[in-house]
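Novice: sharing a model that was predicted from the sequence below.
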Amino acid sequence: MKPDPRKARRPERPRRPQPPRTPRKPKEGEGRLRNLKLTIEYDGTRYHGWQIQPKQRTVAGTLSQAIGDVIRERVNLYGAGRTDAGAHADGQVANFRAHTPLPAAHLLDALNRELPPDINVLRIQDVPLDFHARHSARVRRYRYQIALRRSAFLKLYSWWLRDPLDGEMLRIGTGYLVGRFDCTPFSDRGRGAEEPWVEIYEASFREEPPILHFRIAADHFLPRMVRRIVGALVRVGHHEFPPERIREFLAGTVPVPAECSAPAAGLFLEKIEYP
């Protein structure tokens, strides 16, 4: 019986070699969730403080917008502490969670290219997901700058006082600040304090011409607290109050005058410390 030619096996056609597959780029929002910690410095002169506020130019708002533009994700930015309108920072800390695959070093470069020159990100680090810039902080350090002379360059970053301060009176007055106190008398009267009791670890003046530096460290600070403390200490240094008046202010036996508030320009959030 002759084989049916219709059923004869056709010779197999050689397969064309397939090019290697290019790895698919992750879509927006894909990838593992990361928690990124930022250390930031900024000149707050042109900003209405750190915290995002409707229809106001703020540091956090500007930074959040820049992050979103770089990684194409909308993020929630959490800061370690708020700074007033016109105040500055050497070492503000913030964090946000995102799925971006960008290495931290590349993200740092891209973000600083996007930001205005008065905001600069110093470091970006991957941190555990439970890290929170505010809640994980243990110590916050502020610095206030008082100009010892009239200057063409220091106006935006210090408070110039025409009359000299009595250094000994300042030393005695700051001595009453160390300890745990209800610091409501030194806070902004129009804003309630979630945690009015503050542990103040350090408070001191140091002269480094042409600046007199006041430094204070605490577990947290109330709104306007540092500026009102500086305002009261300046009164002490000018012999308008006795040094013991600081103790009376903290005890609540004598009200802090409303005009005792130093200008925001001299205030710097210097450092945030973590365990």
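Specialist: Looks like it arrived, so ask away. Residues are numbered from 1 along each chain as shown.
Novice: contacting residues for the residue positioned nearest the centre of the chain?
Specialist: Closest residue to the average C-alpha location of the chain: residue 92 at 2.7 Å, with Cα atoms, centre = their mean. Residue 92 makes contact with 39-42, 50, 59, 79-81, 83, 269, 272, according to Cβ atoms under 8 Å, 6 or more residues apart in numbering. For the C-beta atoms, the positions are set from N, CA and C on the backbone; glycine is no exception.
Novice: that one bridge partners, please.
Specialist: Residue 92 has the following beta-bridge partners by DSSP bridges: residue 40.
Novice: nearest to residue 167, of the contacts of residue 92?
Specialist: Nearest to residue 167 among the contacts of residue 92: residue 269, at 25.3 Å, using Cβ to Cβ.
Novice: surely residue 210 touches residue 147?
Specialist: Yes. Residue 210 is within contact range of residue 147, at 6.2 Å (criterion: Cβ atoms under 8 Å).
Novice: so for these two, which sits in the more crowded spot?
Specialist: Using other Cβ atoms under 10 Å as the criterion, residue 210 and residue 147 rank with residue 147 on top: 19 against 16.
Novice: go ahead and confirm the more buried one touches residue 156.
Specialist: No. Between residue 147 and residue 156 there is no contact under Cβ under 8 Å: 10.9 Å.
Novice: thinking again about what came up before, which of the contacts of residue 92 sits closest to residue 217?
Specialist: residue 272 (10.5 Å).
Novice: bridging residues for that closest one?
Specialist: residue 140.
Novice: sorry, back to before: now the contacts of residue 92 as JSON lines including distance to residue 141?
Specialist: Shown next, in JSON lines, are the contacts of residue 92 (distance: Cβ to Cβ, whole Å):
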{"residue": "39", "distance to residue 141": "13"}
{"residue": "40", "distance to residue 141": "15"}
{"residue": "41", "distance to residue 141": "14"}
{"residue": "42", "distance to residue 141": "16"}
{"residue": "50", "distance to residue 141": "16"}
{"residue": "59", "distance to residue 141": "18"}
{"residue": "79", "distance to residue 141": "15"}
{"residue": "80", "distance to residue 141": "11"}
{"residue": "81", "distance to residue 141": "10"}
{"residue": "83", "distance to residue 141": "13"}
{"residue": "269", "distance to residue 141": "8"}
{"residue": "272", "distance to residue 141": "8"}
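Novice: reformat those as JSON lines; add neighbour count.
Specialist: Below are the contacts of residue 92 laid out as JSON lines (neighbours: other Cβ atoms under 10 Å):
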{"residue": "39", "neighbour count": "20"}
{"residue": "40", "neighbour count": "24"}
{"residue": "41", "neighbour count": "16"}
{"residue": "42", "neighbour count": "24"}
{"residue": "50", "neighbour count": "27"}
{"residue": "59", "neighbour count": "29"}
{"residue": "79", "neighbour count": "23"}
{"residue": "80", "neighbour count": "27"}
{"residue": "81", "neighbour count": "20"}
{"residue": "83", "neighbour count": "25"}
{"residue": "269", "neighbour count": "28"}
{"residue": "272", "neighbour count": "22"}
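Novice: tell me where the stretch 101-250 of the chain has helices.
Specialist: Listed in chain order, the helices found in the stretch 101-250 of the chain under DSSP state H, counting those that start in this stretch are 104-114, 167-175, 225-237, 245-251.
Novice: right, so these: which one is the most enclosed?
Specialist: Of the helices of the stretch 101-250 of the chain, the one with the most neighbours on average (mean count of other Cβ atoms under 10 Å) is helix 225-237, at a mean of 24.
Novice: ok, the nearest residue to residue 102 once chain neighbours are set aside - contacts?
Specialist: Nearest residue to residue 102 in three dimensions, chain neighbours excluded: residue 71, at 6.5 Å (Cβ to Cβ, 6 or more residues apart in numbering). By Cβ under 8 Å, 6+ apart, the contact list for residue 71 reads 98, 100, 102, 107.
Novice: show me the shaky parts of the stretch 101-250 of the chain.
Specialist: By pLDDT under 70, the low-scoring segments of the stretch 101-250 of the chain are 189-193.
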